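Student: Give the three-dimensional model of this entry:
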Amino acid sequence: MNLPRTENLVTRQFVKNVLDFSSQYGREQSGSYTVANVRGCPTNYPKYGDFLESCVLRTYGKWWNDMSYSPAIDASIAKPFFISQDFIEVEFEEKVMIESVVIYENYNPGAVVALYALDYAKTSNKWIQIWSIFDNLNIKSIKNGLNRPLPRQESRKFRPNLTKKDVFSNVVRIELEHGKLDYYTELDAIEIVGYAFNLTLSKELGTNLRNVGDEFFSEKIFSEKISEIRSESENKNENEAVQLVSNKPVSLTDLPNELLTSIIKLLDLRHIFLLRSTCRKFYQLCSDRDLFNKLDLKPFWSQSNETLLATFCNIVCDFKALNLSWSKIEFSHIVKKFFETCCTQLTILSVESCQFMNANTLRIIGENCPMLTSLNIASCLNISTSDQTGFESIAKLARLEILNLYRTLIDGPQMIKIVQSCKNLVSVNLGACTKINEFDEVMFNLADNCDKIESLDLWRAYSLTSMGLRKIANNCLNLKDLDIGWCRSVISFEWLFLMLEKCTNMRKLFLTSLRVTDSELCLISQKGLHIEQLDLLGSRSISIEAVEQILKNCKNLKFFDISFCFYDENEQISRLSSTYANCSIKTSQK
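Tutor: Numbers count the residues shown, from 1 in each chain. Predicted coordinates for the structure are as follows:
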């Protein structure tokens, strides 16, 4: 077979396009701290530090988890080896047989925990895991994955040893877990190295190789081997053979069903379905819908499909809690049937970054899941604002307590209808909801209808002003967590005194990139005595003395971000870090 010259050439490519991602620090269409910055060749590598031109995700460290209102799903079955929190999907110019993936990390490295590639060599395009952090562990466990050793604080080209190298692709997915990071991780570029390969010839070559294997295991050779085994068996003592037959061991299926069910619960979903296909008894035991009352399908995002949903429908599952986040399933009649059949008793639903989530799906959820108390549709960008019945369907879920709308396309009037109906809301995330142009009006309605509110994420709510915050301070006395980072229209702080005076259990206050002065810090040090997390990043008008006063008075303070607040106070900040060791003081590095 004469192969083209390009068959043997190694190609190196950097990212051409970003296809999808779960979160980012920068605002949409911006050039600062956005995922789009991962495109092209490295910009700052090998320099180490915090650069505007880097790709930065929304969160880092344990701090966000400590204050999270997202309910954990306590499944009845075992958890797979999966710890990912964020993902980025990127596209390269040419499809190649991927030999290696190189990730240029230029700040706080060590967050990458898994790599996938979309394999175009299969009959149907399929996501294949080509590396995982668990491949590097001597003892595989979720705990060891979370507690993995982090690399040194320096820039690096991270080139993991891929466990699968026969993938033909130009689309790669990077998954990250940043719970142990001391600050934001930053990526400068992503590169793939591979062999240009003719797909038609590759399939022909693969067929030939498969035929060689078929010949090796041909019926003739197999028959000869069986004959040898029979000859050896016939030479054995006949009495021994009879004894072996009479002492036949008990089969696994002879064990009591209760014991077998306990064993099945030690398996994760994938292995349960494999066991289910072995025999009739295990088919029945593994079809017990009580196994699937609470289910986290996020770790199986690459394997979940319509067939899986149809199987749950056939089992007649009755989910109480379900996480379908990151699913690549498209909307279809199977998805509709799944929610109508299996989700009527749902109390917790997470469908973050799901392709099947559109206005139709949201209508179906609103009509069939009246028991919902927690709904997460973060980064579901297929739900159109133009279809009014989409987001407004959430208003039917009167029992809702936790609502995550981060980076969705919801607008102001739709959000107002939701807060007017869902009066039990405790936690609302409206971060990066750029279609809401009347945040003050939304806050007025929320304060009038949802006085149980404890957590508000209003990150990058550009139309929010002091008027909306004053209304919240007056009415929402249970408020504990408030994030108004990058809310540029908040230019005065008369509301802050009122909020700290009335909301006496305030524990998290993020004032990122606002014009905070020593006057506000003095107020926080006097009234915010229960605060545990405080973010003042970018507040250039504050003094070291005011910062130290907060550290002295706020005894519960565990997290304090003063990045980009001072030009040349490194010695003073080091002194504060040593003196107040119980508080993690964050300062960025250029």
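
Student: mind listing what the nearest residue to residue 20 once chain neighbours are set aside touches?
Tutor: Using C-beta to C-beta, 6 or more residues apart in numbering and skipping the chain neighbours, the partner closest in space to residue 20 is residue 89 (4.4 Å). In this view, the C-beta of every residue, glycine as well, is placed from N, C-alpha and C. For residue 89, the contact set (C-beta atoms under 8 Å, 6 or more residues apart in numbering) comprises 18, 19, 20, 21, 171, 172, 173, 174.

Student: got the contact list for the helix or strand where the last one lies?
Tutor: Pointing back at residue 174 there. Here residue 174 sits within strand 168-176, counting by DSSP states H and E. The contact list for strand 168-176 (C-beta under 8 Å, 6+ apart) reads 13, 19, 57, 84-98, 101, 103, 111-121, 127, 185, 190, 192, 197, 199, 202.

Student: Can you show me the strands along the stretch 1-150 of the chain?
Tutor: Under the criterion DSSP state E, counting those that start in this stretch, the stretch 1-150 of the chain contains strands at 10-14, 17-21, 55-56, 86-107, 112-119, 126-132.

Student: Counting by contacts, list what the last one packs against.
Tutor: Of the remaining helices and strands, those touching strand 126-132 by 3 or more C-beta pairs under 8 Å, 6 or more residues apart in numbering; DSSP states H and E are strand 86-107, strand 112-119.

Student: Would you point to the one among these that's packed deepest?
Tutor: Greatest average neighbour count among the helices and strands packed on strand 126-132 goes to strand 112-119 (a mean of 23), per mean count of other C-beta atoms under 10 Å.

Student: Report the mean confidence score over that one.
Tutor: Regarding strand 112-119, the rounded mean pLDDT is 97.

Student: Pull out the CA atoms of that strand and give them to me as CSV.
Tutor: Provided in CSV are the C-alpha atoms of strand 112-119 (Å, rounded to 0.1, in the frame of the first residue of the first chain):
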residue,chain,number,x,y,z
VAL,A,112,-6.0,19.8,34.7
VAL,A,113,-7.4,16.4,35.7
ALA,A,114,-8.7,14.8,32.5
LEU,A,115,-8.4,15.0,28.7
TYR,A,116,-10.9,13.8,26.1
ALA,A,117,-10.9,13.8,22.3
LEU,A,118,-13.8,13.5,19.8
ASP,A,119,-12.8,10.4,17.8
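
Student: angle of it against strand 168-176?
Tutor: Using axes from the mean of the first three to the mean of the last three C-alpha atoms, to 10 degrees, the direction of strand 112-119 lies 160 degrees away from that of strand 168-176.

Student: List the contacts of strand 112-119.
Tutor: Identification of contacts with strand 112-119 by C-beta under 8 Å, 6+ apart yields 83-84, 98, 101, 103, 105, 125-133, 145, 158, 160, 162, 167-169, 171-177, 302.

Student: repeat that with 7 Å
Tutor: With contacts defined as C-beta atoms under 7 Å, 6 or more residues apart in numbering, strand 112-119 is touched by 83-84, 98, 101, 103, 125-133, 145, 158, 160, 167-169, 171-177, 302.

Student: same deal with stretch 365-374?
Tutor: 71, 339-340, 343-349, 393-394, 396-397, 399-402.

Student: Which of these fall within helices?
Tutor: Here DSSP state H is the test, and the contacts of stretch 365-374 give 339, 340 as lying in helices.

Student: buried subset of the contacts of stretch 365-374?
Tutor: Those of the contacts of stretch 365-374 that meet the buried threshold are 71, 339, 343, 346-349, 393-394, 396-397, 400-402, by 16 or more other C-beta atoms under 10 Å.

Student: Of those, which belong to strands?
Tutor: Among the buried ones among the contacts of stretch 365-374, the ones falling in strands (DSSP state E) are 348, 349, 402.

Student: rewinding a little: tell me the one of the contacts of residue 89 nearest residue 489?
Tutor: Nearest to residue 489 out of those is residue 21 (C-beta to C-beta; 26.8 Å).
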